[in-house]
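Asker: here is a sequence together with a model predicted from it:
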Amino acid sequence: PPSASAQSLAGRETLPAVVAHLPHSVPSPMRLAPPHQRLMLCSMSMARSMMTSAPSSLPLKDPSLFVGRGFIGGEWVGADDGSTVDVTDPASGLCLGSIPNMGGSETRRAVEAAEAAFASWRSKTGKERGAVLRRWFDLIMANQQDLAAIMTAECGKPMAEAVGEIAYGASFVEWFAEEAKRVYGDVVPNTTPGTRILVLKQPVGVVGAITPWNFPSAMITRKCAPALAVGCPVVVKPSELTPFSASALALLAERAGMPSGVLNLVLGAKAQEVGDELCSNPTVRKLGFTGSTAVGKQLLRQSAATVKKVSMELGGHAPLIVFDDADLDEAVAGAMGSKFRNSGQTCVCANRILVQDGVYDAFAAKLAAKVGEMRQGPGDQPGVTVGPLIDGRAVAKVEAHVQDALAKGATASVGGERVSSLGDNFYAPTVLTGATEEMLIFREETFGPVAPLFRFSDEAEAVRMANDTPYGLAAYLFSNDLGRVWRVSEALEYGMVGVNAGIIATEAAPFGGVKESGLGREGSKYGADEFVEAKYVCLGGIGAL
């Protein structure tokens, strides 16, 4: 129940409500306020969150979607010790609310709830499970605008992108609602008279899913939908930076008729505790993770003790190759979509743009002109195409990469600096010409709105440069030479290749990487296989007519 202090806030306009009417281009009131007012702002937001109602600065058609609680065994719960962690809008610096800071004990309870629900959920037909998923999809799409508004508030991406992500995330729920009826086994021709060989596909068991902040809706549905479709209950640990998108999805799943314990949500900033429990608990038979390669390696090591199935979508350092026979306008459009979506904070964005000598200058000029037209600001403002980075650490990394490149001879034809007038977390969309392989930006994933342009002379050099990384998630190439398209696509050491396309993700295709970019595939008809075990059954004594 809401506290007395929370109840006292109801029915009158609070300071955050007044702040909501200020122009977003002015410095954040949270940063300008003295410490006692900052505490008041956070306290007000936390109180509203614990009442499971949205801040007044976040108008929703259905305010109940803004839930500041975990979800375990069909119950909305707080942390066992009552502790909370604040969630901040990266654009304004204001606290949106607070969430329970859950850890190992809550995770164990969530795993137990999932295990208790497993037998009943797996015993349902694929058609029955698919019907629940279909209702979940319908509710997600019916609340698309509200879900997008929540996402924009907590991760900063422009509203148009957030609306698109809700649809993209929902597409996996729809896809696997349909695939639930098509988890086929096999009959293998026998080699011994009087026997038959059957292959059954059975759900692996309880699934743990650890998801990131950059796609706070789609990364959950892309993992949960196939698991739920085949009969596996799930325990989800979303990022503490974007928990309200996750809790809204869980609320809609509950409304769709998802049985208690089938979908569980553990919130908070105790990622180490939660990860340790999911990895070490023998009841968890599958772990799915999207995040950094360093953390993925740690989770793999921890999961070895219980020999879990794992799928990992880890770091990427995607090349985008522009050959001299490419349509430059098409290549620029592809680079814009790939590089600057979500302010460059995507694992598949074009981090290294490789341009052939003959078209380098023309491509650079066209790209710089387009980047210069982008409008930066808070994601909830109309017309904004580039929002903030997620936090100060992200800005510092981008700044370090750009400064290193400039010091080693690159030129910023557009951008190249923070935009302090908008807030602490804004970095200008940037194009760097004259980038070379000696720069940090060639070796490390930037995760920000910076497009470095590297020169190459021929196919062999382009492929060498593209493959010169331990990562292998996505790559892109632009060319109108069919032979070249085939040669280069086959030579690129990546799990996904976009040809004359800068955005390639879809629920119908298998998403995943090679090398240190991960294991397994998500989405498509192959996605369900990550959550099932193949069981061989030999039928003997059949005899002959």
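Answerer: That came in fine, so what should we check first? Numbering: from 1, shown residues only.

Asker: tell me the pLDDT of residue 543.
Answerer: As predicted, residue 543 sits at a pLDDT of 86.

Asker: repeat for residue 55
Answerer: The model reports residue 55 with a pLDDT of 77.

Asker: can I get stretch 263-280 as CSV, trimmed to CA atoms?
Answerer: Once non-C-alpha atoms are left out, stretch 263-280 reads as follows in CSV (Å, rounded to 0.1, in the frame of the first residue of the first chain):
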residue,chain,number,x,y,z
LEU,A,263,6.8,-15.2,-16.3
ASN,A,264,8.8,-13.7,-13.4
LEU,A,265,10.6,-10.4,-13.1
VAL,A,266,13.5,-9.6,-10.8
LEU,A,267,14.4,-5.9,-10.7
GLY,A,268,17.3,-3.9,-9.2
ALA,A,269,20.9,-3.1,-9.5
LYS,A,270,22.3,-6.3,-7.8
ALA,A,271,23.3,-7.7,-11.2
GLN,A,272,26.1,-9.8,-9.8
GLU,A,273,23.9,-11.5,-7.2
VAL,A,274,21.1,-12.2,-9.7
GLY,A,275,23.6,-13.5,-12.3
ASP,A,276,25.3,-15.7,-9.8
GLU,A,277,22.0,-17.3,-8.7
LEU,A,278,20.8,-17.8,-12.3
CYS,A,279,24.1,-19.4,-13.3
SER,A,280,24.6,-21.6,-10.2
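
Asker: for it, buried residues please.
Answerer: For stretch 263-280, the neighbour count (16 or more other C-beta atoms under 10 Å) marks 263-270, 273-279 as buried. Every residue, glycine included, has its C-beta placed from N, CA and C.

Asker: distance between that stretch and the chain's centre?
Answerer: 17 Å (C-alpha atoms, centre = their mean, to the nearest Å).

Asker: what's the average pLDDT for that stretch?
Answerer: Mean predicted lDDT for stretch 263-280 stands at 98.

Asker: residue 305: which of the buried residues of stretch 263-280 is nearest?
Answerer: residue 279 (7.7 Å; C-beta to C-beta).

Asker: which ones are touching the residue nearest the centre of the chain?
Answerer: Central residue of the chain (C-alpha atoms, centre = their mean): residue 215, 3.1 Å from the mean position. For residue 215, the contact set (C-beta atoms under 8 Å, 6 or more residues apart in numbering) comprises 165, 169, 342, 346.

Asker: among the buried residues of stretch 263-280, which are in strands?
Answerer: Per DSSP state E, strands hold the following members of the buried residues of stretch 263-280: 263, 264, 265.

Asker: distance check, the second one against residue 75.
Answerer: Okay, so that is residue 264. Per C-beta to C-beta, to the nearest Å, residue 264 is found 10 Å from residue 75.

Asker: same deal with the first one?
Answerer: Distance of residue 263 to residue 75, given as C-beta to C-beta: 12 Å.

Asker: rewinding a little: from the contacts of residue 215, which land in strands?
Answerer: Those of the contacts of residue 215 lying in strands (DSSP E): none at all.

Asker: possible to save those as CSV with pLDDT?
Answerer: Output for the contacts of residue 215, formatted as CSV (pLDDT from 0 to 100):
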residue, pLDDT
165, 99
169, 99
342, 97
346, 97
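
Asker: now, the buried residues of stretch 263-280 that are in helices?
Answerer: 273, 274, 275, 276, 277, 278, 279 (DSSP state H).

Asker: which of the residues you listed lies closest to residue 121?
Answerer: Closest to residue 121, out of all of these and judged by C-beta to C-beta, is residue 278, at 18.8 Å.

Asker: for the closest one, give me its contacts.
Answerer: Here residue 278 is in contact with 107, 111, 208, 210, 235, 237, 284, 287 (C-beta under 8 Å, 6+ apart).

Asker: over to residue 497?
Answerer: When contacts are counted by C-beta under 8 Å, 6+ apart, residue 497 touches 474, 475, 476, 477, 489.

Asker: which of the residues you listed tops the neighbour count?
Answerer: Using other C-beta atoms under 10 Å as the neighbour criterion, residue 476 leads the contacts of residue 497 with 32 neighbours.

Asker: in a strand, it, correct?
Answerer: Yes: counting by DSSP: H, G, I helix; E, B strand; the rest coil, residue 476 falls inside a strand.

Asker: do you know how far it is from residue 521?
Answerer: Taking C-beta to C-beta, one finds residue 476 at 19 Å from residue 521.

Asker: need the ones in strands among the buried residues of stretch 263-280 in a markdown table (columns: distance to residue 437).
Answerer: Output for those, formatted as a markdown table (distance: C-beta to C-beta, whole Å):
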| residue | distance to residue 437 |
| --- | --- |
| 263 | 46 |
| 264 | 46 |
| 265 | 44 |
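
Asker: for residue 336, helix, strand, or coil?
Answerer: Under three-state DSSP, residue 336 falls in the helix class.

Asker: which residue sits closest to it, ignoring its sequence neighbours?
Answerer: Excluding the flanking residues, the one nearest residue 336 by C-beta to C-beta, 6 or more residues apart in numbering is residue 370, at 5.6 Å.

Asker: what pLDDT does the model give the one you found?
Answerer: On the pLDDT scale, residue 370 gets 98.

Asker: pull the number of nearby residues for it.
Answerer: For residue 370, the neighbour count with other C-beta under 10 Å is 18.

Asker: mind checking what helix or strand follows the host helix or strand of it in sequence?
Answerer: Using DSSP states H and E, residue 370 falls within helix 360-372. Once the chain leaves helix 360-372, the next helix or strand it forms, by DSSP H and E, is helix 392-407.

Asker: and that following helix, how far out from the chain's middle?
Answerer: Here helix 392-407 is found 23 Å from its chain centre; the criterion is C-alpha atoms, centre = their mean.

Asker: can you offset everything so residue one is 53?
Answerer: Taking 53 as the first residue, the last one we looked at is helix 444-459.

Asker: pLDDT of that helix, averaged?
Answerer: 98.

Asker: picking that back up, quick check, nearest of the ones in helices among the buried residues of stretch 315-332 to residue 457?
Answerer: The nearest member of those to residue 457, counting by C-beta to C-beta, is residue 327 at 34.1 Å.

Asker: so that closest one touches residue 318, yeah?
Answerer: No: under the criterion of C-beta atoms under 8 Å, residue 327 makes no contact with residue 318, lying 10.5 Å away.

Asker: who touches both of the two?
Answerer: Each of residue 289 lies in contact with both residue 327 and residue 318 under the rule C-beta under 8 Å, 6+ apart.

Asker: considering the contacts of residue 330, which is situated nearest to residue 597?
Answerer: Proximity of the contacts of residue 330 to residue 597 (C-beta to C-beta) peaks at residue 336, which lies at 48.0 Å.

Asker: need the contact list for that closest one.
Answerer: Counted by C-beta under 8 Å, 6+ apart, residue 336 has contacts 163, 257, 258, 259, 260, 287, 330, 358, 360.

Asker: surely residue 253 is within a helix?
Answerer: No: per three-state DSSP, residue 253 lies outside any helix segment and is strand.

Asker: from residue 281, how far off is it?
Answerer: Where residue 281 is concerned, residue 253 sits at a distance of 12 Å (C-beta to C-beta).

Asker: just the pLDDT for the nearest residue to residue 548 once chain neighbours are set aside.
Answerer: Counting by C-beta to C-beta, 6+ apart, residue 526 is the residue found nearest to residue 548 once chain neighbours are left out, at 4.5 Å. pLDDT recorded at residue 526 is 98.
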